[in-house]
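**Q** sequence first, predicted coordinates after that:
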Amino acid sequence: VKTLDDLPSPYLTGEFDHLPAAAWVREITLETNRGCPYGCTFCDWGSSTLSRLRMFPLDRVVAEMDWAGRRGLRAWVLGDANTGIMSRDVEVIEAMVEVRHRYGVPRNLGFNVAKNTTKHLTAIVDRLTEASIVVHLSLALQSTDEVTLEAVRRTNISTEHYTALAASFRRRALPLQADLMLGLPGQTLDSFTGDLQFLTDHEIPARIWITQLLPNSPMNHPDYRSEYAVVADEHGVVQSTSTFTAEDRHQMMRLRHAYTVFERFGLLRQVSRFVQWDHGVEMTERDPNRYPLLNWVLRYFDYYQTRPFGWRSFYDEVRRFLVDELGIPLSSALDDVLQLQAFLMPAPGRQLPATIGLHHDYVAYVKDNTASLWSSGHSEPIKQPLADYPSATVTVLSDPMGYCNRVEDRSVDPRNETMTDAFWMAGHFELDWPLVAPYPGVNEGMGYRGHLGRTPAGVVEEPEAPDRRDMQEIRLRLGRTASAPPSDDT
Ligand SMILES: C[S@@+](CC[C@H](N)C(=O)[O-])C[C@H]1O[C@@H](n2cnc3c(N)ncnc32)[C@H](O)[C@@H]1O
Ligand code: SF4
């Protein structure tokens, strides 16, 4: 293939014209370019890594977007490896925004973010969110550990740059999450724990992928496998390397489960902040095996996302665990955190909005301890104990995702390590309240409002967004493509 335009577009050649819009039950994928200039060893981007980026002509991309727009297709994905790697990506997004204004779609857009340039990213995400397009993206890290990154031949943006970018996203109330990989050469149990702690400290939700040996990836080359003693099972799932044993991996998998349940679904998110800031204990440190309800969620929550015998009994047991195992003293502050934590969980029959009275202002306490994440981006808790805060109320506003009515959510196949279940990637339980986490989908368009206006007083204003390019040219292109006959299923 000399140029990508030699490949006919299945959308524009009428291949799918006979399909009604309702047949597009999943996302429509659009490609604007192919190839990736990087060479991460775990990756096989269609055997196109370490390759020159080749672009589909912009006119064609715009025409495909118009095709999808006229059909009213709501969920779109960009199949490019590195959206934001070049300025043209901003133009593509501006054309997409025009489509949104014209046809009311797309409503959702997923894309892969360029890993070590962020120049165009905030412009892209700003434009999408302004047009009420819900953005699904992840600021991929895979690891923050230098040894691991060297082993997989990957360079990320610096941690400094990463946390500054996260702060910029936060100030704009944009969604934020990170990708980590479990099972990379160079990785250890300690470095994996460190990655989780880093993301937790920086309030960036993680998606944790399980490393697989992809047939044509550099990691699957015999020389590389022997250099790092890579052992995989019959499905290509990496079980051990020269830096972690099978037992270490087992521990990492348990941590992944605990992280997903306690932090991502949030069953202990508030409790763990309090325990860490006021008592210096990181929750990853202890094994709660002796506690049946904690044990139950650690073993089975991936199958059944339900209340383990009621939230009250669950948090009573958490209290016993904290007091007996971690030596946390009984106090009005501990009472508050446990009561609030239970109050934040979805349960059938809840009437919202609902307000709870606390001895201490928990929301102010968290805002103070995380204020630096909105300015420098570094985690610098001020560590003023919760007990020092005056009484206050907290209101849970609503349940935009309807979690209270889903009596029990079941995952389809959560233990399948080759096809990662949505439970690990996209699961959460958040009701709308002032400290709601910035998951993709938690935004005004979806009905979440609690987090708006969270930027702490005194944080330097975001610089003005760069001037919008003249949209005339893009409108002209859309005008041209709109001359094709509209489908009757729009
Ligand atoms: C489609 S890839 C995104 C690639 C993007 N260009 C980047 O560098 O972040 C999405 C995620 O899949 C995960 N992934 C990539 N290769 C993998 C592999 N061999 N096994 C398991 N997960 C993998 C990574 O966490 C990656 O962030
Ligand atoms: S992981 Fe991303 S950046 Fe790395 S080679 Fe694959 S597509 Fe390129």
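**A** Received, thanks. Ligands and ions are numbered 1, 2, ... in the order given.
**Q** list the contacts for the residue nearest the centre of the chain?
**A** The centroid of the chain falls nearest to residue 177 when counting by C-alpha atoms, centre = their mean (3.2 Å). Going by C-beta atoms under 8 Å, 6 or more residues apart in numbering, residue 177 touches 137, 138, 139, 204, 205, 206, 207, 438, 439, 440. C-beta coordinates here come from the backbone N, C-alpha and C atoms, glycine included.
**Q** tally of neighbours for the residue in the chain that ligand 1 sits nearest to?
**A** The nearest approach of the chain to ligand 1 comes at residue 140, 3.2 Å away (C-beta to the nearest ligand atom). Residue 140 has 19 neighbouring residues, counting by other C-beta atoms under 10 Å.
**Q** for the one 3 residues further on, same thing?
**A** For residue 143, the tally of surrounding residues (other C-beta under 10 Å) stands at 24.
**Q** tell me how far it lies from residue 439.
**A** Computed with C-beta to C-beta, to the nearest Å, the distance linking residue 143 and residue 439 is 22 Å.
**Q** cool, residue 107 as well?
**A** 16 Å.
**Q** more crowded one of those two?
**A** residue 439 (19 against 16).
**Q** wait, that one touches residue 175, no?
**A** Yes. Between residue 439 and residue 175 a contact is recorded at 6.4 Å, counting by C-beta atoms under 8 Å.
**Q** what about stretch 213-231, near ligand 2?
**A** No. Stretch 213-231 lies out of reach of ligand 2 by C-beta under 6 Å from any ligand atom, never closer than 8.7 Å.
**Q** buried sites along stretch 57-68?
**A** 58, 60, 61, 62, 63, 64, 65, 66, 67, 68 (16 or more other C-beta atoms under 10 Å).
**Q** got a list of what the third one touches?
**A** Okay, so that is residue 61. 30, 32, 92, 95.
**Q** could you report the neighbour count for the first one?
**A** Here the neighbour count serves as a burial measure; for residue 30 (other C-beta under 10 Å) it reads 23.
**Q** next one: residue 342
**A** Applying other C-beta under 10 Å, I find that residue 342 has 20 neighbouring residues.
**Q** one more: residue 391?
**A** For residue 391, using other C-beta under 10 Å, the count is 11.
**Q** that one and residue 356 touch, don't they?
**A** No. Residue 391 lies out of contact with residue 356 (C-beta under 8 Å); the separation is 11.3 Å.
**Q** now do the SS call for residue 252.
**A** Using DSSP: H, G, I helix; E, B strand; the rest coil, the structure places residue 252 in helix.
**Q** got the contact list for the closest residue to ligand 2 within the stretch 151-300 of the chain?
**A** Here the residue of the stretch 151-300 of the chain nearest ligand 2 is residue 154; by C-beta to the nearest ligand atom that distance is 6.1 Å. For residue 154, the contact set (C-beta under 8 Å, 6+ apart) comprises 38, 40, 41, 115, 142.
**Q** check the secondary structure at it for me.
**A** coil.
**Q** residue 388 versus that one, what's the distance?
**A** In terms of C-beta to C-beta, residue 154 sits 44 Å off from residue 388.
**Q** look at residue 318 and say how many residues are nearby.
**A** Neighbours of residue 318 (other C-beta under 10 Å): 22.
**Q** my guess is it contacts residue 311, does it?
**A** No. Using C-beta under 8 Å, residue 318 is not in contact with residue 311, being 10.0 Å away.
**Q** Three-state assignment for residue 270, please.
**A** For residue 270, the assignment made with three-state DSSP gives helix.
**Q** count the neighbours of it for me.
**A** With other C-beta under 10 Å as criterion, residue 270 counts 21.
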